[in-house]
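Asks: Here is the input, now give the coordinates:
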Amino acid sequence: MEKIFLNQDNIEYWQEKEKPSVVALGFFDGIHKGHREVIKTAAKISKRKSLSLAVMSFFPHPKTVISNCKIHYLMPLAEKEKELRKLGVDTFYIVEFNKEFASLQPVQFVAQYLINLGVVHAVAGFDYTYGYKGTGNMDRLKNDSGGLIDVTKVEKLELQGEKISSTCIREKLLKGKVDELPSLLGHPYKVECEWNGNTLKHKPYYTLPAPGCYEVTLKNKIGSFKTKVTVLEIGEGHALKCMTEIPKYMAGSLSIVWYRRLKEKHIFGWSGFLAEMFERKQVLNHGNSTQ
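Replies: Below you'll find the predicted structure:
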């Protein structure tokens, strides 16, 4: 898969290298079931038409530029790239979303970032918007392209009457409802971390669940380890504490796979855990002094 960063400075260069393609449009944070439906629909069309399959995403999140608000990302670009590769995407376009890009009129976006890049068929969710103030939508895209681009609008995907969306996943995550995420994502929520033997720190562009204790699995290339991890609120940020000793083979990069939040009756509580560790140390020291 080819990864291409696009901006106003290099767009003409990539337009000269254009090739006919079917493109899936969206931010695709988390690549949940709704996103997969859009990408799989685009993949079927590209196969039928014998065309290249592309995905066009944006970074940073439009809301951070337009509304200057904080976004709780579900995954960094590197993880998004891995998932798109698994889905058979040929080209991954990442458009730099800034105020200049946000000011493009809908027809300008369609001309510069779709038609001139060789897009002949665009696929997106029913609520996808583009152009200045999001005034462009899937119902007018074909007209904005002068009839040069065919359009497929993927209808809303729901679960128990609730739209599957990145916003919904973020809300559940920030409420600690990690057990409800597999039905939306298609798998448990995962966060990449670094373990240096002392501190467990999550990598940028992931969102930790609400403060509390969780049943998780730690994984790396060597193996996996089931344990409990506590999310602690420290000032404006969060910290991670493992409730048991982490094996040495977990040193370095690892992922935390989140399964469920534990109720207080199922855990010691962090203070109780520390007290137990202190007591064990005292017993060991006492034993050594009597030998």
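Asks: for the strand or helix carrying Ile45, which positions count as buried?
Replies: Per DSSP states H and E: Ile45 is located in helix 33-49. For helix 33-49, the neighbour count (16 or more other CB atoms under 10 Å) marks 34-39, 41-43, 45-46 as buried. Where you see a C-beta, it was placed from the backbone N, CA and C, and this is true even at glycine.
Asks: what helices or strands is that helix leaning on?
Replies: strand 21-25, strand 52-59, strand 119-125, strand 150-154 (3 or more CB pairs under 8 Å, 6 or more residues apart in numbering; DSSP states H and E).
Asks: quick one, which of the ones you listed is packed in tightest?
Replies: Highest mean neighbour count among the helices and strands packed on helix 33-49 (mean count of other CB atoms under 10 Å): strand 21-25, with a mean of 26.
Asks: any idea of the angle it forms with strand 119-125?
Replies: Interaxial angle, strand 21-25 versus strand 119-125 (axes from the mean of the first three to the mean of the last three CA atoms, to 10 degrees): 20 degrees.
Asks: As PDB, could you dump the C-alpha coordinates of strand 21-25?
Replies: Extracted C-alpha coordinates of strand 21-25, given in PDB (Å, rounded to 0.1, in the frame of the first residue of the first chain):
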ATOM      1  CA  SER A  21      -9.400   4.800  -8.800                       C
ATOM      2  CA  VAL A  22     -12.300   4.200  -6.600                       C
ATOM      3  CA  VAL A  23     -12.000   6.200  -3.300                       C
ATOM      4  CA  ALA A  24     -13.500   5.700   0.100                       C
ATOM      5  CA  LEU A  25     -13.900   9.100   1.900                       C
END
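Asks: Given it, what are its sheet partners and their directions?
Replies: Strand pairing for strand 21-25, determined by DSSP bridges: strand 52-59 (parallel), strand 119-125 (parallel).
Asks: With mean pLDDT and distance to Gly136 added, can I get the ones you listed in JSON lines?
Replies: Output for those, formatted as JSON lines (pLDDT from 0 to 100; distance: least, CB to CB, whole Å):
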{"stretch": "strand 52-59", "mean pLDDT": "97", "distance to Gly136": "14"}
{"stretch": "strand 119-125", "mean pLDDT": "98", "distance to Gly136": "11"}
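Asks: contacting residues around Thr207?
Replies: By CB atoms under 8 Å, 6 or more residues apart in numbering, the contact set of Thr207 is 72-74, 170, 173-174.
Asks: Just the ones of those residues in strands?
Replies: Assignment to strands by DSSP state E places none of the contacts of Thr207 there.
Asks: Of all pairs in these, which one is the farthest apart?
Replies: Farthest pair in the contacts of Thr207 (CB to CB) is Tyr73 and Leu174. Separation: 12.5 Å.
Asks: out of these two, which sits in the busier spot?
Replies: Tyr73 (22 against 13; other CB atoms under 10 Å).
Asks: What pLDDT is listed against the more buried one?
Replies: Note for Tyr73: predicted pLDDT of 96.
Asks: So the nearest residue to Glu96 once chain neighbours are set aside versus Lys99, what's the distance?
Replies: Spatial nearest neighbour of Glu96, chain neighbours left out: Asn7 (4.0 Å); criterion: CB to CB, 6 or more residues apart in numbering. Counting by CB to CB, to the nearest Å, the gap from Asn7 to Lys99 is 12 Å.
Asks: Have a look at the two and say which one is more surrounded.
Replies: Set Asn7 next to Lys99 and count neighbours by other CB under 10 Å: Asn7 wins out with 14 against 8.
Asks: which SS state does Ala111 fall under?
Replies: helix (DSSP: H, G, I helix; E, B strand; the rest coil).
Asks: Now do the same contact list for it.
Replies: Ser145.
Asks: what's the distance between it and Ile149?
Replies: The value you get for Ala111 to Ile149, if CB to CB is used, is 10 Å.
Asks: can you check Pro209 too?
Replies: 40 Å.
Asks: ok and the helix holding Ile45 relative to strand 21-25, angle-wise?
Replies: Counting by the same axes, to 10 degrees, helix 33-49 lies at 170 degrees to strand 21-25.
Asks: got the angle for helix 33-49 vs strand 150-154?
Replies: Using the same axes, to 10 degrees, helix 33-49 lies at 150 degrees relative to strand 150-154.
Asks: For helix 33-49, what is the distance to the chain centroid?
Replies: Chain-centre distance of helix 33-49: 19 Å, with CA atoms, centre = their mean, to the nearest Å.
Asks: Need the CA coordinates for it. PDB is fine.
Replies: Taking C-alpha atoms only, helix 33-49 is exported to PDB below (Å, rounded to 0.1, in the frame of the first residue of the first chain):
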ATOM      1  CA  LYS A  33     -17.800  -1.600  11.600                       C
ATOM      2  CA  GLY A  34     -19.400   1.400   9.800                       C
ATOM      3  CA  HIS A  35     -16.000   2.500   8.300                       C
ATOM      4  CA  ARG A  36     -15.400  -1.100   7.200                       C
ATOM      5  CA  GLU A  37     -18.700  -1.200   5.400                       C
ATOM      6  CA  VAL A  38     -17.700   2.000   3.500                       C
ATOM      7  CA  ILE A  39     -14.300   0.600   2.600                       C
ATOM      8  CA  LYS A  40     -15.600  -2.900   1.700                       C
ATOM      9  CA  THR A  41     -18.200  -1.300  -0.600                       C
ATOM     10  CA  ALA A  42     -15.500   0.700  -2.300                       C
ATOM     11  CA  ALA A  43     -13.400  -2.500  -2.600                       C
ATOM     12  CA  LYS A  44     -16.200  -4.400  -4.400                       C
ATOM     13  CA  ILE A  45     -16.700  -1.500  -6.900                       C
ATOM     14  CA  SER A  46     -13.000  -1.200  -7.600                       C
ATOM     15  CA  LYS A  47     -12.800  -5.000  -8.200                       C
ATOM     16  CA  ARG A  48     -15.800  -4.900 -10.500                       C
ATOM     17  CA  LYS A  49     -14.400  -2.000 -12.500                       C
END
